[in-house]
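**Student:** Sharing a sequence plus its predicted fold:
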Amino acid sequence: MRFRIFCAISAAKIDPRIKAVATASMYNMGNAVRHGLNNSFTKEQRDALLAQAAEQRYVEFAGGNPLYTSGTPHEINDKSSDIEKEFYNFYRTERGEFTPEGVDESTTTHPTLTSHVKFINFYPFEDIETISPRPMLFITGDSAHSREFSEDAYKRAGEPKELYIVKGANHVDLYDDTSKIPFDKIADFFNTAFN
């Protein structure tokens, strides 16, 4: 879901046929990898990540195995963070668990280190204001750890735009919790945009 959302913004910047854009639980993966959530990474941490990825490229070039990173934990306990528990309760349960045929389930949701660092060069919100005057709707939960990205996109976007915050919703709630997804708001947004 995250990938499709920022692709929609990137696509809308270059394709005037896209008449309106609505996002839910949006991530700016470029900023998340460059700076961490809430700008929690230091330059030294980022430099160490890049150095590790550079060495891993040598390993893979020589035929070695990829190194998987981040993604959803396969187990949680009382020391797990709220974000780890949130993603676990979606991606490691019937709600959202899926492993394609022929893929090792231990790698699902885990990018390779060498592919993950490529997000450092990804700036999906750059020039977001050029989508205007086509309308944009940014939906986020009031307790979503990703809320910062919707708020940033909203701040940068041109008019017309709206930031819609769902009370009592975290990031993953807006994937599939039909009691929290604001279907009426989304329908009204697109009906207005297309009339």
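**Tutor:** Here it is on my side, so go on. Since we're looking at a predicted model, the values are computed, not measured.
**Student:** Using the three-state scheme, assign the residue positioned nearest the centre of the chain.
**Tutor:** For the chain, the residue nearest the mean C-alpha position is Tyr27 (3.0 Å; CA atoms, centre = their mean). Classification of Tyr27 using DSSP: H, G, I helix; E, B strand; the rest coil returns coil.
**Student:** Got the confidence number for it?
**Tutor:** According to the prediction, Tyr27 has pLDDT 92.
**Student:** in what helix or strand does Pro73 lie?
**Tutor:** Under the criterion DSSP states H and E, no helix or strand holds Pro73.
**Student:** does the closest residue in space to it that isn't next to it in sequence sit in a helix, a strand or a coil?
**Tutor:** Of all residues not flanking Pro73 in the chain, Glu84 sits nearest, at 5.0 Å (CB to CB, 6 or more residues apart in numbering). For the C-beta atoms, the positions are set from N, CA and C on the backbone; glycine is no exception. Secondary structure, three-state DSSP: Glu84 is helix.
**Student:** And the pLDDT at Glu84?
**Tutor:** 96.
**Student:** tell me the contacts of it?
**Tutor:** Shown in contact with Glu84 (CB atoms under 8 Å, 6 or more residues apart in numbering): 72-73, 76.
**Student:** Asp152: which of the residues you listed is nearest?
**Tutor:** Thr72 (24.0 Å; CB to CB).
**Student:** So that closest one versus Gly158, what's the distance?
**Tutor:** Thr72 is 35 Å from Gly158, where distance means CB to CB, to the nearest Å.
**Student:** More neighbours: those two, which one.
**Tutor:** Thr72 (19 against 14; other CB atoms under 10 Å).
**Student:** ok, longest helix in the protein?
**Tutor:** helix 43-61 (DSSP state H).
**Student:** how far out from the middle of the chain is that helix?
**Tutor:** Distance, stretch centre to chain centre, for helix 43-61: 22 Å (CA atoms, centre = their mean, to the nearest Å).
**Student:** can you give me phi and psi for Thr110?
**Tutor:** In this structure residue 110 is His, not Thr. Backbone torsions of His110, given as degrees, to the nearest 10, read phi -100, psi 110.
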